[in-house]
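Participant: No letters, just coordinates:
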């Protein structure tokens, strides 16, 4: 039976957090707002070809924004799907400032058909600005099948599309928050957590005191709710009963453009992430630049290019893992649903019931998991999924660690 969890499982202690020998993992979570096609071409050439970073991108299906008539979308530029990987949709499109062209459920129905025709299976959904069909950011209407008014009347919600979002393949949804903490998926003492959130020791102590007193007294639930644990993903049940995983993104609202990305990916910050360990889902708008720089011929500033190149160097040195966002989230869910039986030399993959209803060789293709073990040779391991025996390529890294490779 596939479990239907209300909270994430925890990693088996025999597993390394990330594949050997990586200590940290970074991905980009890009929003396509303001992206002009010439700038999109430069981004594609530099990030995915010249530097060769293994990230995935996001897109708008349609853009009706009259303030941004040249904004790239899949309808006007279907070729973008074949240029580099895309795993994220920025809602169903940009319907802001679209005049009379508002969004309704029928739009989502048509876009699901378009995605199937193009064999596009996005795994991640990110809310866009104040789009009426958002799920968690500003508006929750996209997740509500019905609308109730103050008199108790119920109406079908024409903005509801969560069932279609699930049908299209999405399993991970941005929760609408940006956090300053560098390195999720690692335990943080509450004082350290509040210090990283505030940047001030005095304010961190104040917030911690409020947190603890409120917890004991049963008050201040709203205050405490804004401070979550340091997990990289969380199960979330929506009003219609559907379960997805949510995630937070790292960065700053004012630095969420191609220039600010140079600060977010500064070499000193990447080296700190490697030293402390953890996951970074870096928030940005690759296609957006400051208004004062719109006349520049070069879209990507030198500081950002240098940060991306440094990131590539650390990846080649096997210090920081890089991947598409969906690959990271899939990995974390799969990792946290593995049971390791060191005594009987068994490794069992469980289905989590949200992202995966079963786990077989095809599900695991492209993933790598490392196990802390001693005195067990590769041929002794018995690896099973929900459908039976699995056959990974097992590499002995050293006397204490073995890695399971599920090759593509």
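Facilitator: Nice, thanks for sending it over. These numbers come from a predicted model, not from an experiment. Numbers count the residues shown, from 1 in each chain.
Participant: Isn't residue 384 up against residue 390?
Facilitator: Yes. In this structure, residue 384 is within contact of residue 390 by Cβ atoms under 8 Å, at 6.1 Å. Any C-beta I mention is one placed from the backbone N, CA and C, and that applies to glycine too.
Participant: Please identify which of the two sits among more neighbours.
Facilitator: Taking neighbours as other Cβ atoms under 10 Å, residue 384 and residue 390 compare with residue 390 leading, 21 against 15.
Participant: What is the least confident helix or strand in the chain?
Facilitator: helix 221-225 (a mean of 74; mean pLDDT, DSSP states H and E).
Participant: ok, and what's touching that one?
Facilitator: 210, 211, 214, 215 (Cβ atoms under 8 Å, 6 or more residues apart in numbering).
Participant: buried subset of those residues?
Facilitator: Neighbour-count burial (16 or more other Cβ atoms under 10 Å) applied to the contacts of helix 221-225 gives 210, 211.
Participant: For the contacts of helix 221-225, work out which two are farthest apart.
Facilitator: 210 and 215 (9.4 Å; Cβ to Cβ).
Participant: residues of stretch 274-290 that come out buried?
Facilitator: By 16+ other Cβ under 10 Å, the buried positions in stretch 274-290 come out as 274, 278-289.
Participant: Let's have the residues you listed in CSV, adding distance to residue 153.
Facilitator: Shown next, in CSV, are these (distance: Cβ to Cβ, whole Å):
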residue, distance to residue 153
274, 56
278, 48
279, 45
280, 46
281, 41
282, 44
283, 39
284, 43
285, 40
286, 44
287, 43
288, 42
289, 47
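Participant: Apart from its chain neighbours, what residue comes closest to the most centrally placed residue in the chain?
Facilitator: Taking Cα atoms, centre = their mean, the centroid of the chain lies closest to residue 325, which sits 4.6 Å from it. In space, residue 325 comes closest to residue 27 once its chain neighbours are excluded; the distance is 4.5 Å by Cβ to Cβ, 6 or more residues apart in numbering.
Participant: and the one you found, helix, strand or coil?
Facilitator: strand (DSSP: H, G, I helix; E, B strand; the rest coil).
Participant: same question, residue 109
Facilitator: Per three-state DSSP, residue 109 ends up helix.
Participant: could you pull out the helices for the chain?
Facilitator: Assigned by DSSP state H, the helices in the chain fall at 37-43, 105-117, 162-168, 190-198, 201-217, 221-225, 261-264, 267-276, 302-316, 325-335, 361-364.
Participant: highest average neighbour count across these?
Facilitator: Mean neighbours per residue, mean count of other Cβ atoms under 10 Å, is largest over these for helix 325-335, with a mean of 23.
Participant: contact partners of that one?
Facilitator: Here helix 325-335 has contacts from 8, 11, 15, 17, 25, 27-29, 55-56, 87-88, 123-124, 171-172, 185, 232-233, 245, 247, 279, 281, 323, 349, 352, 354-356, 359, 363-364, 366-367, 369, using Cβ under 8 Å, 6+ apart.
Participant: Against residue 131, how distant is residue 75?
Facilitator: 17 Å (Cβ to Cβ, to the nearest Å).
Participant: the more surrounded of these two?
Facilitator: residue 131 (22 against 14).
Participant: tell me, how many neighbours does the residue lying closest to the more buried one once chain neighbours are set aside end up with?
Facilitator: Nearest residue to residue 131 in three dimensions, chain neighbours excluded: residue 91, at 5.0 Å (Cβ to Cβ, 6+ apart). By the criterion of other Cβ under 10 Å, residue 91 has 25 neighbours.
Participant: pLDDT at residue 91, what is it?
Facilitator: Residue 91 carries a pLDDT score of 98 in this model.
Participant: OK, contacts around it?
Facilitator: Applying Cβ under 8 Å, 6+ apart, the residues near residue 91 are 60, 125, 126, 127, 128, 131, 133, 134, 142.
Participant: any chance of those residues in JSON lines, plus pLDDT and distance to residue 373?
Facilitator: Listed next are the contacts of residue 91 as JSON lines, based on pLDDT from 0 to 100; distance: Cβ to Cβ, whole Å:
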{"residue": "60", "pLDDT": "98", "distance to residue 373": "46"}
{"residue": "125", "pLDDT": "98", "distance to residue 373": "37"}
{"residue": "126", "pLDDT": "98", "distance to residue 373": "38"}
{"residue": "127", "pLDDT": "98", "distance to residue 373": "42"}
{"residue": "128", "pLDDT": "98", "distance to residue 373": "45"}
{"residue": "131", "pLDDT": "96", "distance to residue 373": "48"}
{"residue": "133", "pLDDT": "96", "distance to residue 373": "48"}
{"residue": "134", "pLDDT": "97", "distance to residue 373": "45"}
{"residue": "142", "pLDDT": "95", "distance to residue 373": "45"}
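Participant: Can you tell me which of the residues you listed is nearest residue 103?
Facilitator: Out of those, the member with the shortest distance to residue 103 (by Cβ to Cβ) is residue 133, at 5.3 Å.
Participant: need the contact list for the residue nearest to the closest one when sequence neighbours are not counted.
Facilitator: Closest residue to residue 133 apart from its sequence neighbours, by Cβ to Cβ, 6+ apart: residue 142 at 3.9 Å. Each residue near residue 142 by Cβ under 8 Å, 6+ apart is listed here: 91, 132, 133, 134, 135, 159, 160, 161, 162, 165.
Participant: again, 7 Å this time
Facilitator: Contact analysis of residue 142 by Cβ atoms under 7 Å, 6 or more residues apart in numbering lists 133, 134, 135, 159, 160, 161, 162.
Participant: do the same with residue 196
Facilitator: Per Cβ under 7 Å, 6+ apart, neighbours of residue 196: 180, 181.
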